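**Q** My questions are about this predicted structure, shown below with the sequence.
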Amino acid sequence: MTTSRTAGHLDVGGMVRVARERVVARIREAEVVAAALSAGRNVILEGPPGTGKTTLLRSLADGAGVPLVLVEGNAELTPTRLVGHHDASRVLTEDYRPENFVPGPLTRAMTEGALLYVEEFNRVPEETMNVLLGVLSEREMHVPRFGRVSARATFRLVAAMNPFDAVGTARVTPALYDRSCRVAMGYQDEEAELRVVESVTGADAHLVARAVRAVRITRDHPELRIGASVRGAIDTVLIAVELGRVRDTAALEEETGLDAVLAALTGKVTRGDGVARPVEDVVADIWRRAGEELGKA
């Protein structure tokens, strides 16, 4: 069994310090993930999109002074794409040689001692997950016609997945959970999301508050199966500001805000089964409700 000494120590203090500087209201999660990585553990981050998982990992990697290798998990992520392949044109003239091997993200992360961050992990094919499982178990892998690849001491796997979206996903095996630590990252509270949107947009506080309230309403709306993340609020505010400039009106003007939220949110939410109303009508009602709620506050 791997211990923190043999796995390679990562600077937990440095990771947390950088996270405190860059991440809004995620200090608890940052501390836990940093401690797990420093202890030589791999991590599974579970939570919906737009909850700051990538921002958190970038901060921790920078704080630890190690590279971050990002991989988008999907059905096309075959073992070959993850591990790497020999350059076919060079193979024809040179035959199979180590120097014509093109490393994939897993090989790069292992040899560089990087954090390998796999997004949408539960969309990865089972055969690709099995490759990762072997690496987590042995910290090395054998690549045909290339040789053995050993992981540097600071190599870790961090996998992220959305547990609320079952479409096109596969079940993560108990063996992978057993070799990882799980950290849940849900949506932040309203105050934290206000701070996030304000820091990104620098816009009027009333517009920011209404956009944040609108995305929060989408998450438990009876006609929506999947709501929007804080990215929806950021997009709403930025579009409203630019629309105001185009129309020479205030970004807070009702029609401007409505057009902005329709552009920002209608593609980010998913209607529930059997809901016949157009998504535009649902989002328009949510925008009006957000204004009413804030008007009463």
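**A** Thanks, I have it. Numbering: from 1, shown residues only.

**Q** Helix, strand, or coil at the nearest residue to R289 once chain neighbours are set aside?
**A** Among residues not flanking R289 along the chain, I217 sits closest, at 6.1 Å (C-beta to C-beta, 6 or more residues apart in numbering). Where C-beta positions appear, they are placed from N, C-alpha and C, glycine not excepted. Here I217 takes the helix state, with states given by DSSP: H, G, I helix; E, B strand; the rest coil.

**Q** and I217, what does it touch?
**A** With contact taken as C-beta atoms under 8 Å, 6 or more residues apart in numbering, I217 is in contact with G227, I286, R289, A290.

**Q** 10 Å instead?
**A** L224, G227, A228, V283, D285, I286, W287, R289, A290, E293 (C-beta atoms under 10 Å, 6 or more residues apart in numbering).

**Q** quick one: the second one from L265, how far?
**A** As defined by C-beta to C-beta, to the nearest Å, G227 lies at a distance of 9 Å from L265.

**Q** So for those two, which sits in the more crowded spot?
**A** Neighbour totals were compared for G227 and L265, and L265 leads with 28 against 21 (other C-beta atoms under 10 Å).

**Q** related to what we said a few turns ago, just the buried members of the contacts of I217?
**A** For the contacts of I217, a burial check counting by 16 or more other C-beta atoms under 10 Å picks out L224, G227, A228, V283, I286, W287, A290.

**Q** Adding secondary structure, distance to D11 and pLDDT, write those out as CSV.
**A** Below are these laid out as CSV (DSSP: H, G, I helix; E, B strand; the rest coil; distance: C-beta to C-beta, whole Å; pLDDT from 0 to 100):
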residue, secondary structure, distance to D11, pLDDT
L224, strand, 42, 96
G227, coil, 37, 94
A228, coil, 36, 96
V283, helix, 45, 98
I286, helix, 44, 98
W287, helix, 45, 98
A290, helix, 43, 97
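
**Q** which among those gets closest to E193?
**A** Within these, proximity to E193 (C-beta to C-beta) peaks at A228, which comes in at 11.0 Å.

**Q** Surely the closest one touches K268?
**A** Yes: counting by C-beta atoms under 10 Å, A228 touches K268, with 4.3 Å between them.

**Q** Give me the pLDDT for the residue nearest to R289.
**A** pLDDT recorded at I217 is 98.

**Q** Same check on the one 3 residues further on?
**A** Here the pLDDT value assigned to D220 is 95.

**Q** Give me the nearest residue to it, chain neighbours excluded.
**A** G227 (7.3 Å).

**Q** Quick check: phi and psi at S180.
**A** Dihedral pair for S180: phi -140, psi 170, per degrees, to the nearest 10.

**Q** Quick one: the strands in the stretch 51-200 of the chain, in order.
**A** 68-72, 84-86, 101-103, 115-119, 140-143, 147-150, 156-161, 180-184 (DSSP state E, counting those that start in this stretch).

**Q** can you list the ones you listed in TSV and add mean neighbour count, mean pLDDT and distance to R210?
**A** Listed next are the strands of the stretch 51-200 of the chain as TSV, based on neighbours: other C-beta atoms under 10 Å; pLDDT from 0 to 100; distance: least, C-beta to C-beta, whole Å:
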stretch	mean neighbour count	mean pLDDT	distance to R210
strand 68-72	18	96	33
strand 84-86	18	87	48
strand 101-103	16	89	48
strand 115-119	25	96	30
strand 140-143	15	93	51
strand 147-150	12	92	52
strand 156-161	25	94	30
strand 180-184	16	94	29
